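Trainee: Kindly return the folded structure for what I paste below:
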Amino acid sequence: MRLPESELRRIIVEELSVSDYNKWSETERIARTAPASIARYGREVLNAKSVQDLHSIIFGVIPGFLDPDFYIKEVDRLLFQNNERISEGLCFHIKNKRPIIENIYRPGSKKFFQLFTETRKKYKKGQYQPSDWEEVELLETSIGEWGIYNGEHVPLDYPMLNEDFSDDYESQKWHELSPAELKKYPETIDRLYKIIDDSYSYLDGHVDIQEPEDLFRHGVSIYALIDVDGDGEIDAARLSKKTKYGNKGYATGTNASADAKRVVMQKIQSDLSSKGFYAEVSGKMAHILVNKLNIPYVDDENIVRKILGKPIEWIGKLEDGSGNANGWYYRTLGDGKKHEKILVGIPTGINESKYKGRDVDLNSPMRSSGPTKYKVYVKNEKGNVVQINFGDAKGGLTAKIQDPAARKSFAARHQCEKKKDKTKPGYWACRLPRYAKKLGLKPVSAQWW
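Mentor: Below is the predicted model:
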């Protein structure tokens, strides 16, 4: 049976062997011996589990002219015979009967988290009694502790105002983020991983991206993201690496919606038709890019080997006749399987050569001031760099490239499928659509002119 407070006060006074309570309360020197006596009484008589159990006695016995915080701290220390002094913050909470869930320190500050850590430690030792179920629930979380997420120290079980991608970036536009910028948006990271993982599900997932943290490995440096429908979540993404040959596509994904697929294909077509962008692709995507979107590809085995720097088994043209591309090869990936691939786009740093003392890019059509609309530099059979002029100087090609009937007529008239010699104007004229964007023309999905 718990004794009333008045009886406890009487007993503690007797324990202190004070004959004149009023005189004792006025004598500071004697009063300072009270913490040890109260702690001993609480431990030996009341079997107190925490300093809170002695709260009423402390305030009933100590003289009014002394700081009660001193007694709370001392009784707490002496009650359990350890050197861990109770902090001022926890002392304030106990003295004012304020639950720890109403932390007095600034949210997110160092002392804010330290108070939770201290209180939980005492709670687990039975030295702190929560005021209600909410406080119990809070102290049973990991709040006050820290962990590592994406290479950064983050507080555990602490609700924070999450920076949202949609708050900083306009919807329906592509935005390129660096790894540091992307790490500001944890929810976007999770969303990005799901998009990539789902998009590569036909391959049992992306070979190198098996968990969200993998998004920041393997040298990925550019994250192109877009919120297509304006709902605040990304719907499509393109991941790239910066290499000495340009920006190499690394992974592409969408949320599977028709709009997301449309915009990502537009970006792929735009990027890979521009100088300095390239990608190693396989499967259905490779055939779409090469045979339907007419994306440029590298058909020189030595250049492919140089760019990849990895063993490949050269195929050239596919035996099944699926398209006219002549740059296919096999490469074994991390999964141990051999994959059929092709290198698409217009990489840089591999085709440079000299023409009349000037550095020029080989096999890269460009606009010309004459005598024709376009020109390209190639090496002939003797190994010499020559300039090939092609096209209509009056701009006829530009005017008709969007006309399907004109393209069909041109291809038939010039027998484009038989044009194999890069040193002839006809070879490049037939393949003009592949370089449409680079030449300032509107891209068109056509294999031949």
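
Trainee: ok, N103 to L54 distance?
Mentor: Distance, N103 to L54, by C-beta to C-beta, to the nearest Å: 24 Å. For the C-beta atoms, the positions are set from N, CA and C on the backbone; glycine is no exception.

Trainee: Among these two, which residue is more densely surrounded?
Mentor: Between N103 and L54, counted using other C-beta atoms under 10 Å, the more crowded position is L54 (26 against 21).

Trainee: got the contact list for the closest residue to that one other than its chain neighbours?
Mentor: Leaving aside its chain neighbours, L54 sits nearest to G42 (4.6 Å; criterion: C-beta to C-beta, 6 or more residues apart in numbering). By C-beta atoms under 8 Å, 6 or more residues apart in numbering, G42 lies in contact with A48, D53, L54, I57, V75, L79.

Trainee: mind redoing it with 6 Å?
Mentor: A48, L54, L79 (C-beta atoms under 6 Å, 6 or more residues apart in numbering).

Trainee: Now the last one: closest residue in space, sequence neighbours ignored.
Mentor: Read that as L79. A39 (4.4 Å).

Trainee: so who does that neighbour touch?
Mentor: Per C-beta under 6 Å, 6+ apart, neighbours of A39: V75, L78, L79.

Trainee: could these go into a markdown table alongside secondary structure, pLDDT and neighbour count?
Mentor: Shown next, in a markdown table, are the contacts of A39 (DSSP: H, G, I helix; E, B strand; the rest coil; pLDDT from 0 to 100; neighbours: other C-beta atoms under 10 Å):
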| residue | secondary structure | pLDDT | neighbour count |
| --- | --- | --- | --- |
| V75 | helix | 79 | 27 |
| L78 | helix | 76 | 18 |
| L79 | helix | 75 | 23 |
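
Trainee: Find the residue at the geometric middle of the chain.
Mentor: Nearest to the centroid of the C-alpha atoms of the chain, with distances taken as C-alpha atoms, centre = their mean, sits I189, at 4.1 Å.

Trainee: Which pLDDT value goes with that residue?
Mentor: Looking at I189, its pLDDT stands at 91.

Trainee: distance of the nearest residue to D164 once chain neighbours are set aside from A48?
Mentor: Leaving aside its chain neighbours, D164 sits nearest to G232 (6.4 Å; criterion: C-beta to C-beta, 6+ apart). To A48, G232 is 53 Å away according to C-beta to C-beta.

Trainee: With neighbour numbers in mind, choose between these two.
Mentor: Shown here are G232 and A48; by other C-beta under 10 Å, A48 has more neighbours (21 against 13).

Trainee: Assign the more buried one to helix, strand or coil.
Mentor: Assigned state for A48: coil (three-state reduction, DSSP: H, G, I helix; E, B strand; the rest coil).

Trainee: List the residues that contact it.
Mentor: Contacts of A48 (C-beta under 6 Å, 6+ apart): G42, L54.

Trainee: If we use 10 Å, what do you get?
Mentor: I38, A39, Y41, G42, L54, H55, I57, V75, L79, F80, Q127 (C-beta atoms under 10 Å, 6 or more residues apart in numbering).

Trainee: Cross those against strands and list the overlap.
Mentor: With strands defined by DSSP state E, no entry of these lies inside them.

Trainee: Tell me which of those has the lowest pLDDT.
Mentor: If you rank the contacts of A48 by pLDDT, F80 sits at the bottom with 68.

Trainee: what's the closest of the contacts of G42 to Y297?
Mentor: L79 (78.4 Å; C-beta to C-beta).

Trainee: which residues touch that closest one?
Mentor: 35-36, 38-43, 48-51, 53-54, 127.

Trainee: any idea how far it is from K173?
Mentor: 63 Å.

Trainee: quick revisit: from what I see, the residue nearest to D164 and D168 are in contact.
Mentor: No: counting by C-beta atoms under 10 Å, G232 sits too far from D168 to count as a contact (11.1 Å).

Trainee: so the residue nearest to D164 is in which element?
Mentor: Here G232 is covered by no helix or strand, with elements defined by DSSP states H and E.

Trainee: give me every residue that touches it.
Mentor: D164, F165, S166, D167, S171, E187, T188.

Trainee: go again using 8 Å as the cut-off
Mentor: D164, F165, S166, S171.

Trainee: Which of the residues you listed ranks first by neighbour count?
Mentor: Busiest of the contacts of G232 [other C-beta under 10 Å] is F165, holding 23 neighbours.

Trainee: Tell me the spacing between it and S171.
Mentor: Taking C-beta to C-beta, one finds F165 at 10 Å from S171.
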